[in-house]
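1. No sequence on hand, only this structure:
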């Protein structure tokens, strides 16, 4: 089968020829129809000397063509979260990594689900324990994880959703369901959250920014609130953290990356996600947005497109 | 009835005469037999100008003499967690605040349970989610909360328990069941935890110290570990916190004070504690230690004893 490695992607012929993988107990073989392009793919390709010809690709969608799992018969339409090797015509994955796609979701749309929606789901619910009618502050609200989190928080918890973004993206946040879309250049989000919640503060903050937002994030939280850190675009080092304020407000801070969680955790996450999200995907209550579609042999162009920050929304490769 | 307020305690007659409280729906009236003395009592007495003649006392034990709760008949031996007003002959409390005492536990022993054991239980299990066979690092292992936490972690989770204390108190920690009792003056606890766990790190750290231990606490934790902050004897301000290390290790930090939790939370805590601890108290698998006993009219001496740090173990007032 054809695949694209970190070494071959920039060659005139980007493909390498390798064996279709065998499947082990409880694994399925998926014929790949679409692949989600992630920032990590770009990092791996740019650092290829340390990557031993690895095949990038953390998420894809396709059709099961061989199965060692009685729950996932041949012909099932699925997406999957991978550790790597998504840039290929076939992938073998454990059944616990498979997201079920209803017929109403195209393969291109399906390939945008795993990273964004599973990250949003785990941070909101498995780590953040969001409860019905609570208030959540979502930074980078127009990003892939942000738009997924807005929708999941609204549809599953009827939460009050407050986002931050640049001014031109506030409309996107509103469009996906944010109740309040703040402009981070013009508004102090901690002050705005206090106003919106009548001084009570938010129950949960999802943050991709890190150090530069830290103090305002803590100030935005109410009693027994939680800050979940999933990115560090604004730096890593926070100076002068006051532990007494964490104690008296009963604050929890959790740093989390989906990629470093153990496989049992990922299996539990995907199993929960399949149960709650499938009906929402089927009834189109969750909207999926493909930004740009490239053919598989244009993978280098797709990655360049991301490197040059030309994409709005997810980039997908189509086989 | 007789009671002792923050204003009257240092008078030659320390008692004030007030009405026996009425009980509301779901409350019980308890005839007080023993009262646990806490550091907060001392703080309130020393700051009495702001305290409006409040009656101190966060925990006591006694016998139910009047009941509006069908689950708690007259005659039941109990201890209770109070917001205040324990320095009195009778207290009225909601049934949800009541810990059941088996006959095997004396009233003096019972008065030592609420603050220490409920704090230890909530930090280990409700906040810290300790699982069977995990590893927990407990600072100030010989303190009231420390000895309670050692016992609960061993008996309920068969955890590997590592404590820190001064050298002369390591024997106390061992005696209550600690597997490894570190001397904080002679040993770097982060290095020792790494050795004990073969580099894996602890799952949970219970910390009363705060800023001065922060970096070593984070270093002591393994992947997806949690630091629970319940004290700040070593200062509040941490000068540099690295968020990337929190994210890549999946660390959770929670600050918590039992007193600021909502009443539903306290009710849930006490209900869980009654279920799991009652059999352990009955069979004497949990050891309770009374440090010193004073008569009720000697309350001022008891508080002075604490002020001058003369106590080893809990001080109890006996009525």
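-> On my side now, so go ahead. These numbers come from a predicted model, not from an experiment.

2. Just to be sure, residue A:56 is in a strand?
-> No. Residue A:56 is assigned coil when assessed by DSSP: H, G, I helix; E, B strand; the rest coil, not a strand.

3. Nearest residue to it in space, ignoring adjacent ones along the chain?
-> Spatial nearest neighbour of residue A:56, chain neighbours left out: residue A:41 (4.1 Å); criterion: C-beta to C-beta, 6 or more residues apart in numbering or on different chains. C-betas here are computed from N, CA, C, even on glycine.

4. Retrieve the pLDDT associated with the residue nearest to residue A:159 when sequence neighbours are not counted.
-> Closest residue to residue A:159 apart from its sequence neighbours, by C-beta to C-beta, 6+ apart: residue A:153 at 4.2 Å. Reading off the per-residue confidence, residue A:153 sits at a pLDDT of 98.

5. Over to residue A:261?
-> At residue A:261, the predicted lDDT confidence score is 86.

6. who touches it in this structure?
-> For residue A:261, the contact set (C-beta atoms under 8 Å, 6 or more residues apart in numbering or on different chains) comprises A:122, A:269, B:224, B:250.

7. Could you check how far it is from residue A:119?
-> 11 Å (C-beta to C-beta, to the nearest Å).

8. do the same with residue A:254
-> Computed as C-beta to C-beta, the residue A:254 to residue A:119 distance reads 13 Å.

9. Also residue A:276?
-> The separation that residue A:276 has from residue A:119, given C-beta to C-beta, amounts to 15 Å.

10. ok, now residue A:149?
-> Relative to residue A:119, and taking C-beta to C-beta, residue A:149 is found at 8 Å.

11. beta partners of the nearest residue to residue A:251 once chain neighbours are set aside?
-> Take residue A:251 and drop its neighbours on the chain: the residue closest to it by C-beta to C-beta, 6+ apart is residue B:255, 5.4 Å away. The bridge-partner assignment for residue B:255, based on DSSP bridges, gives residue B:229.

12. what about residue B:255, neighbour count?
-> Taking other C-beta atoms under 10 Å in any protein chain shown as the criterion, the count of residues near residue B:255 is 26.

13. For residue A:60, which residues are in contact?
-> Residue A:60 makes contacts with A:30, A:32-36, A:79-80, A:82, A:86, A:91, A:111, as judged by C-beta under 8 Å, 6+ apart.

14. so how far is the strand or helix carrying it off the chain centroid?
-> Residue A:60 is located in strand A:59-67, with elements delineated by DSSP states H and E. Computed by C-alpha atoms, centre = their mean, to the nearest Å, the separation of strand A:59-67 from the middle of its chain amounts to 20 Å.

15. who does that strand pair up with?
-> On the basis of DSSP bridges, the sheet neighbours of strand A:59-67 come out as strand A:27-36 (antiparallel), strand A:77-81 (antiparallel).

16. returning to that earlier point: could you dump the contacts of residue A:261 to JSON lines with neighbour count?
-> Supplementary listing: these in JSON lines, determined by neighbours: other C-beta atoms under 10 Å in any protein chain shown:
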{"residue": "A:122", "neighbour count": "23"}
{"residue": "A:269", "neighbour count": "21"}
{"residue": "B:224", "neighbour count": "18"}
{"residue": "B:250", "neighbour count": "22"}
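
17. what about residue A:276, is that helix, strand or coil?
-> Here residue A:276 is helix, with the state taken from three-state DSSP.

18. List just the nearest of the contacts of residue A:60 to chain B.
-> residue A:82 (19.8 Å; C-beta to the nearest C-beta).

19. check contacts around the closest one.
-> Residue A:82 makes contact with A:57-60, A:91, A:93, A:97, according to C-beta under 8 Å, 6+ apart.
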